[in-house]
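Asks: based on what follows, work out the 3D shape:
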Amino acid sequence: MNLVEKIKQKKVRCAIIGLGYVGLPLAVELAEAGVEVVGIDLDKSKVDSINNKKSYIQDVPTARLKELVSKGMLVATTAYSALMNVDTINICVPTPLRKTKEPDISYIVKSAEQITRYLKKGQLVILESTTYPGTTDEVLLPMFEAKGLKVGKDFFLAFSPERVDPGNPKYTTKNIPKVVGGVTPACTEAAKALYELAIDNVHSLSSTRVAETVKLLENTFRSVNIGLVNELAQMCDKMGIDVWEVIDAAKTKPFGFMAFYPGPGLGGHCIPIDPLYLSWKARLYGFEARFIELASQINGEMPEHVVRMVGDALNTKGKSINGAKILILGVAYKKNVSDCRESPAFEIIHELNQKGAKVIYNDPYVESFKENSLKLKSVKLTPEVLRKSDCVVIVTDHDKHDYDFIVKNASLIVDTRNAIKAKNSKVVKL
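Replies: Modelled structure (predicted):
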């Protein structure tokens, strides 16, 4: 029986390397589809949490996880030796940027080194981690073929970009369409068969490079358009125009316009990082991706712009940032989640601290955080906390924030998210 037939008959055992926001939801979907899944992660706390039937990912309810672990359909381990007993392997590890803003694929390479140790005939390996075009066939393929196995015949290799949107109740791992490209047609067929067990719509592509570039285009599209409206926001501020009203009016047009909104800076693992993977690769071919670089520059300047707004707002009250008590509302990178990856809140807090401010924060989803040398705990929103704050800065607009209560008790608010709709003399908007 070949691999595709084994997959379709659910006679395979799957491994997921990396049990974060991408890996754990995928593991759960595959296990619920009826195949045994082993999750591999070097973070022992994650492994222990799964084996103790407790979820640490908001999009995976503990009740779902508990049922699968109890049935033996999902188990977690820190040992890569578990790869000896699986048919398919999905790599879902982080791909950050180095300080030089160059791609850091070290987590991918380390995972591939471990896979190489245990790779055997008939196995399928799929990379899901976002990366630059060429990673799958330039980095992974030579490592695996060095064992004397032939791709498309002895083993199968493909790329399928993750498309996770944490906290989105409408679009989940199961109903977000999946694109997949293999090194060979046989690789694509095997990968497509695996995903079709658990995902509603799977779209085949001609190559791994196309699949890798699809993911980068998706997030570059967002980065560039957000950069445009962030620049527009600064321009409108100089001209005394309400940028939010401009955008709301423009989106009444039923064609040729898609609304994007300004904010305090980009957050999350994808949008601030992925476009730079593409521009880095383009430079190797002598091509400068000017739109990408400019958008990254504009978006990267937004936290500093917010700090300037805070300084200007305090000046109107005869105060300076130095010595001011500033309350940050929301440190997660997006609303209604606990995910703080690349959140602009950290840079804003750092800049305010550098200028002598006394900063506290409230986030109903983030009890505490440690970012480099910065360590804070969320404070409770009380009338006294709000009244004692010289300025309240809305960085993340959570639905759990009661803005009527905040406006009533705060003396000055800098709103970077248009969270407060009604005009109010206390409120300064981005």
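
Asks: you'd agree Lys170 is in a strand?
Replies: No - per DSSP: H, G, I helix; E, B strand; the rest coil, Lys170 lies outside any strand segment and is coil.

Asks: distance-wise, check it relative to Asp59.
Replies: Lys170 is 12 Å from Asp59, where distance means Cβ to Cβ, to the nearest Å. Any C-beta I mention is one placed from the backbone N, CA and C, and that applies to glycine too.

Asks: the more surrounded of the two?
Replies: Asp59 (19 against 7; other Cβ atoms under 10 Å).

Asks: with adjacent residues omitted, what lies nearest to the more buried one?
Replies: Once flanking residues are discounted, Asp59 sits nearest to Pro25: 5.5 Å by Cβ to Cβ, 6 or more residues apart in numbering.

Asks: check contacts around Phe260.
Replies: Residues counted as contacts of Phe260 (Cβ atoms under 8 Å, 6 or more residues apart in numbering) are Arg222, Asn225, Ile226, Leu228, Val229, Ile247.

Asks: just the buried members of these?
Replies: Among these, those classed as buried by 16 or more other Cβ atoms under 10 Å are Arg222, Ile226, Leu228, Val229, Ile247.

Asks: separation between Ala33 and Cys14?
Replies: Taken as Cβ to Cβ, the span from Ala33 to Cys14 is 10 Å.

Asks: neighbour count winner among those two?
Replies: Using other Cβ under 10 Å as the criterion, Ala33 and Cys14 rank with Cys14 on top: 26 against 18.

Asks: and that one, what element?
Replies: According to DSSP states H and E, Cys14 maps onto strand 13-17.

Asks: list the neighbouring strands of that strand plus their orientation.
Replies: strand 36-40 (parallel), strand 88-91 (parallel) (DSSP bridges).

Asks: quick one: average confidence on the last one?
Replies: Averaging pLDDT along strand 88-91 yields 98.

Asks: again with the first one
Replies: Confidence for strand 36-40, expressed as mean pLDDT, is 98.

Asks: name the residues that touch it?
Replies: Under Cβ under 8 Å, 6+ apart, the answer for strand 36-40 is 13-19, 23-24, 27, 30-31, 47, 50, 72-80, 82-83, 85-86.

Asks: of these, buried ones?
Replies: Taking 16+ other Cβ under 10 Å as the criterion, what is buried in the contacts of strand 36-40 is 14-19, 23-24, 27, 30-31, 47, 50, 73-77, 80, 82-83, 86.

Asks: so which of these are in helices?
Replies: Gly23, Leu24, Ala27, Leu30, Ala31, Val47, Ile50 (DSSP state H).

Asks: contacts only, for the last one.
Replies: Applying Cβ under 8 Å, 6+ apart to Ile50 gives the contacts Leu19, Leu24, Gly39, Leu65, Val69, Leu74, Val75, Ala76.

Asks: list the contacts of the first one.
Replies: Looking back up the chat, that one is Leu19. Ala27, Gly39, Ile40, Asp41, Asp43, Lys46, Val47, Ile50, Ala76, Cys92.

Asks: between the residues you listed, which is closest to Lys400?
Replies: Comparing the contacts of Leu19 against Lys400 with Cβ to Cβ places Lys46 closest, at 26.0 Å.

Asks: ok, now how distant is the residue of the chain positioned farthest from its centre from Asp390?
Replies: Each residue of the chain has a distance to the centre, and by Cα atoms, centre = their mean the biggest one is for Gly318: 39.9 Å. Distance, Gly318 to Asp390, using Cβ to Cβ: 11 Å.

Asks: which non-adjacent residue is nearest the most centrally placed residue in the chain?
Replies: For the chain, the residue nearest the mean C-alpha position is His269 (3.5 Å; Cα atoms, centre = their mean). Spatial nearest neighbour of His269, excluding adjacent residues (Cβ to Cβ, 6+ apart): Arg341 at 4.9 Å.
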